[in-house]
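>>> mind looking at a prediction? Sequence and model below.
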Amino acid sequence: MNDVTIGPTLETERLILRPPSAKDLDAWATFAADPVAAEFLGGPQPRTMAWRALCAVAGSWVVNGFGMFSVIERDTGRWVGRVGPWRPEGWPGTEVGWGLARQAWGKGYAVEAAIASIDWAFAHLGWADVIHAIHADNARSEAVARRLGSRALGEATLPAPIGLPVVVWGQSRDEWLARPR
């Protein structure tokens with residue numbers, strides 16, 4: 001497989017965020033097949049569907065100039081999830097979303113990567129606001145949204161083929177820039 005990436009690389013204290021590439025497939029497929037990690041992301045998927053999802057996110061960088069980043073642990077080089085700007089056709093808004101492999105849970109990585117992604121989206125994409133589309137039963141993601149300073153804004157249904165009902169969390173660019181650092 002060719003390993004081509006298109007887009008920026010962001011670095012935080014513990015993480016490297018870069019556009020997805022072919023070398024992410026094994027870890028991405030393991031994440032997508034995990035019934036616990038994928039519970040609120042449409043459920044577990046076989047490797048073939050994980051490949052399609054990886055290609056859709058990578059393709060978003062080409063088509064839209066943005067997409068979710070692969071999240072890499074700086075110390076280990078291990079792929080631990082995908083976080084970043086996302087807005088497929090019919091989406092309820094300009095989202096920064098997250099999904100992490102279970103071994104990365106409880107370390108603050110979702111918040112750390114989301115902060116870098118939101119900062120980048122506001123600085124480079126000109127977004128006026130940011131949302132997070134979160135399943136109503138996903139208390140862990142609601143906690144991340146709260147830590148980011150977002151609030152519940154209403155309900156929506158994600159477009160087909162996903163079709164999941166979600167609570168839309170979010171905030172304006174001005175609210176984000178005014179938050180305590």
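Yes, it's here.
>>> just the element for residue 76, please.
When secondary structure is defined using DSSP states H and E, no element contains residue 76, which sits outside every helix and strand.
>>> what about it, neighbour count?
Applying other CB atoms under 10 Å, we find 8 other residues in the vicinity of residue 76. Just so you know, the C-beta spots here come from the backbone N, C-alpha and C atoms, and that holds for glycine as well.
>>> now residue 177
Using other CB under 10 Å, residue 177 has 11 neighbouring residues.
>>> who's in contact with it?
For residue 177, the residues meeting the contact criterion (CB atoms under 8 Å, 6 or more residues apart in numbering) are residue 122.
>>> roughly how far does residue 78 sit from residue 107?
From residue 78 over to residue 107 the distance is 12 Å, taken as CB to CB, to the nearest Å.
>>> please apply the same query to residue 33.
In this structure, residue 33 and residue 107 are 21 Å apart, going by CB to CB.
>>> ok, residue 81 next?
The spacing between residue 81 and residue 107, counted by CB to CB, is 11 Å.
>>> which parts of this protein are helices?
Ranges of helices within the chain are 25-33, 47-64, 109-125, 139-147, 173-178, based on DSSP state H.
>>> out of those, flag the one nearest residue 11.
With CB to CB, the closest approach to residue 11 among the helices of the chain belongs to helix 109-125: 8.0 Å.
>>> I'd like to know which of the helices of the chain lies nearest to residue 91.
Across the helices of the chain, the minimum distance to residue 91, taken as CB to CB, is reached by helix 47-64, at 11.1 Å.
>>> just checking, residue 131 touches residue 94?
Yes - the pair residue 131 and residue 94 qualifies as a contact (CB atoms under 8 Å) at a distance of 6.5 Å.
>>> out of these two, which sits in the more crowded spot?
Using other CB under 10 Å, the more surrounded residue of residue 131 and residue 94 is residue 131, with 25 against 20.
>>> neighbours of the closest residue in space to residue 6 that isn't next to it in sequence, how many?
Counting by CB to CB, 6 or more residues apart in numbering, the nearest residue to residue 6 once its immediate chain neighbours are dropped is residue 61, at 4.9 Å. Residues lying near residue 61 (other CB under 10 Å) number 20.
>>> pull the contacting residues for residue 61.
Contacts of residue 61 were listed using CB under 8 Å, 6+ apart, and they are 6-7, 19, 67.
>>> where does this structure have low pLDDT?
1-5 (pLDDT under 70).
>>> ok, back up a step: quick one, which of residue 81 and residue 107 is more surrounded?
When neighbours are counted by other CB under 10 Å, residue 81 and residue 107 differ, and residue 81 comes out ahead with 26 against 14.
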